[in-house]
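K.L.:
A structural model of the following input is requested.
(chains A and B)
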Amino acid sequence: MRSMGEQSTPLDCPNWMREKRQLVRDEDYDLVSSCVKGDVDAFEALVKKHQKRMLNIAYRMMGDYEEACEIVQDAFVSAHRNLKGFKGKAKFSTWLYRIVINRSKNRLNQLKTQRHREPFSIDDPLLTNDGQIAGEPASNEPSALETLEEKDTRQKVQECIHSLDDEFREVVILRDIQGFTYEEISDLLGIPDGTVKSRLFRAREALKDCLKRAMGAL
Amino acid sequence: MECSDVQEKLSAYVDGMVSSEEKMFIDEHLEACQKCDDSLADLKKTLEYVRDLEEVEPPPWLVKKVMARVRGEAEQRRGIVAWLFYPLHIKLPLEALAAIFIAITTVYVFKAVEPEMKLAKAPLEEVRTPTYSEEKEKAPAIDRGKPEPAEPPEQFMAAEEREVPRVTYRQPAKAPSRVAEREKAMPSAGVVAKDESQPRAVSPELTLARVEGKKEDIRLALTVEEIEAATKELEKAFMDLEGRIIKREQTARRSLIVAELDSRKMDELLEKLKLVGEIEEKALAGEAREGDVEIRIEIYGKP
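P.N.:
Residues are numbered from 1 along each chain as shown, chains lettered A, B, ... in the order given. Presented below is the predicted three-dimensional model:
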């Protein structure tokens, strides 16, 4: 489990001070400042640092490795293009992850629309009863020790995650896979903490039911 | 606390996101309620499955691809910025400033040159239009009642058109004629304007020389038997007439004398030149001028 580990800001601090502290606390602050001044190498360092987490978010959202790679590329290019618009109110990583989440959601909507318009193809990802994508997740070079049972379980878990509604899927990915705190998820998705809590409850319930159906018993 | 309330809070409970009071109630309830305890176990197992999902690794080409696109865009942007704003870094392109500067300069120069262009154009038209018959009718009307100065008006003729190569230079007019008035208004055009009363063919070269106002006011060519002797005689003639020789050049085939002379003594000079050789006028621009005129005489030997 990973956490961004952001410390809470004293409530009696004025806003500007809180923002300033947050800027100083952002470990990417120096690199981002260099990028804004036109240092492309600094941006490369940021890409190397955040690419894996961004790819995993996109991959779990999309369920397709190639699509996830495309989304991450676009997200980084978009971030670089709009770097001057980054005011440092949130951490740079939060800003980046928000971009990749939004791009993933947009792409999912595009794919849904395309599926409605295009005739059925044997290459299409499978659809669940809920109309969600249930494509075969790309595996990360499965080891020889990995049993078929484990692989099957992972596939079912992935399918169940994909069967969730977008708003539930994203909270499960951010909290249970990526390990973001409630506060960070609230920042990333722009929703209140209470909503994060209630969505997580409903998402986990739906996931639990799905897994029970898929595996018989947990 | 009811089972439904507890189960609703189990998600936050496993994350430690419930208050200590809520936690105490839930703990008590779970000890007593098997159903809720099973729900908690299922939830924990579900989360275990999800958290066991392995991470994917980014492909090695991802950073390269991203950076290629980023560098491409950055260079393109830098190129556009450089093209427009470098090195000023202000929101006003240097090229636009240059264009405005050129436009202003052009307008200024055009305005400064325009009067000269008009003057240059006017005499050429005047030279082209008059015919001999028209001039013959007009000339007396202009001169009637306004006696011209004792000296006849200056004449510009090609040497071969004249029986006598006589060039008369205008003396200061006692009474201002219409031509003289016009001369005051358009000094550079006056020379040709006076030609209106003289229906003679004026060579374009001659007219142009007058309009352009070359450095030498009068240019003459003299064909002589012996260049050296003629040159000496000319020098003597200038000395006699109190002229000032500015330049001398002599080659085997040609000799050149440039001198300044009082315009009133031009007639005397021409008389002396006639004795030396055959005169051919090339350009006369100083006839309207009073005081000293600059004379350029080229002396050629007879073939």
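K.L.:
which stretches of chain A aren't confidently modelled?
P.N.:
The model of chain A has pLDDT under 70 over residues A:1-25, A:118-146.
K.L.:
Going along the chain, name the helices of it.
P.N.:
Assigned by DSSP state H, the helices in chain A fall at A:15-25, A:29-36, A:40-62, A:65-81, A:92-117, A:148-163, A:166-172, A:182-189, A:193-215.
K.L.:
Turn the ones you listed into a markdown table, columns for distance to residue B:236 and mean neighbour count.
P.N.:
(C-beta placed from N, C-alpha, C; glycine too.) Below are these laid out as a markdown table (distance: least, Cβ to Cβ, whole Å; neighbours: other Cβ atoms under 10 Å in any protein chain shown):
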| stretch | distance to residue B:236 | mean neighbour count |
| --- | --- | --- |
| helix A:15-25 | 100 | 13 |
| helix A:29-36 | 89 | 17 |
| helix A:40-62 | 88 | 21 |
| helix A:65-81 | 91 | 21 |
| helix A:92-117 | 100 | 17 |
| helix A:148-163 | 120 | 18 |
| helix A:166-172 | 115 | 21 |
| helix A:182-189 | 110 | 20 |
| helix A:193-215 | 119 | 18 |
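K.L.:
what residues are up against the residue nearest the centre of chain A?
P.N.:
Geometric centre of chain A, nearest residue: residue A:57, 3.0 Å, by Cα atoms, centre = their mean. Neighbouring residues of residue A:57 by Cβ atoms under 8 Å, 6 or more residues apart in numbering or on different chains: A:97, A:100, A:101, A:104, A:173, A:174, A:178.
K.L.:
cool, and residue B:75?
P.N.:
Per Cβ under 8 Å, 6+ apart, neighbours of residue B:75: none.
K.L.:
what angle separates the host helix or strand of it from helix A:40-62?
P.N.:
For residue B:75, the element it lies in under DSSP states H and E is helix B:61-85. For helix B:61-85 against helix A:40-62, the angle by axes from the mean of the first three to the mean of the last three Cα atoms, to 10 degrees is 130 degrees.
K.L.:
buried stuff in helix B:61-85?
P.N.:
B:62, B:63, B:65, B:66, B:67, B:69, B:70, B:74 (16 or more other Cβ atoms under 10 Å in any protein chain shown).
K.L.:
Excluding covalently adjacent residues, which one is nearest to the last one?
P.N.:
This points to residue B:74. Leaving aside its sequence neighbours, residue B:74 sits nearest to residue A:40 (Cβ to Cβ, 6 or more residues apart in numbering or on different chains; 5.6 Å).
K.L.:
repeat for the fourth one
P.N.:
Setting aside the residues directly before and after it, residue B:66 is nearest to residue A:76 in space (Cβ to Cβ, 6+ apart), at 4.5 Å.
K.L.:
For that neighbour, give me its contacts.
P.N.:
By Cβ under 8 Å, 6+ apart, the neighbours of residue A:76 are A:47, A:51, A:54, A:96, B:66, B:70.
K.L.:
As CSV, those residues with distance to residue B:263 would be great.
P.N.:
What follows is the contacts of residue A:76, written out as CSV (distance: Cβ to Cβ, whole Å):
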residue, distance to residue B:263
A:47, 90
A:51, 95
A:54, 96
A:96, 92
B:66, 88
B:70, 82
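K.L.:
nearest to residue A:88, of the residues you listed?
P.N.:
Using Cβ to Cβ, residue A:96 comes nearest to residue A:88 of the contacts of residue A:76, at 13.0 Å.
K.L.:
shouldn't that closest one be in contact with residue A:55?
P.N.:
No: look at residue A:96 against residue A:55 with Cβ atoms under 8 Å: they stay out of range, at 11.7 Å.
K.L.:
Contact residues of the stretch 51-200 of chain B facing chain A?
P.N.:
For the stretch 51-200 of chain B, the contact set with chain A under Cβ under 8 Å from any Cβ of the partner chain comprises B:51-59, B:62-63, B:65-67, B:69-71, B:73-74, B:78.
K.L.:
let's go with 7 Å and repeat that
P.N.:
Within the stretch 51-200 of chain B, the residues that sit near chain A (Cβ under 7 Å from any Cβ of the partner chain) are B:51, B:53-59, B:62-63, B:65-67, B:69-71, B:73-74.
K.L.:
And for residue B:253, the neighbour number?
P.N.:
Residues lying near residue B:253 (other Cβ atoms under 10 Å in any protein chain shown) number 10.
K.L.:
Fine, thanks again, bye for now.
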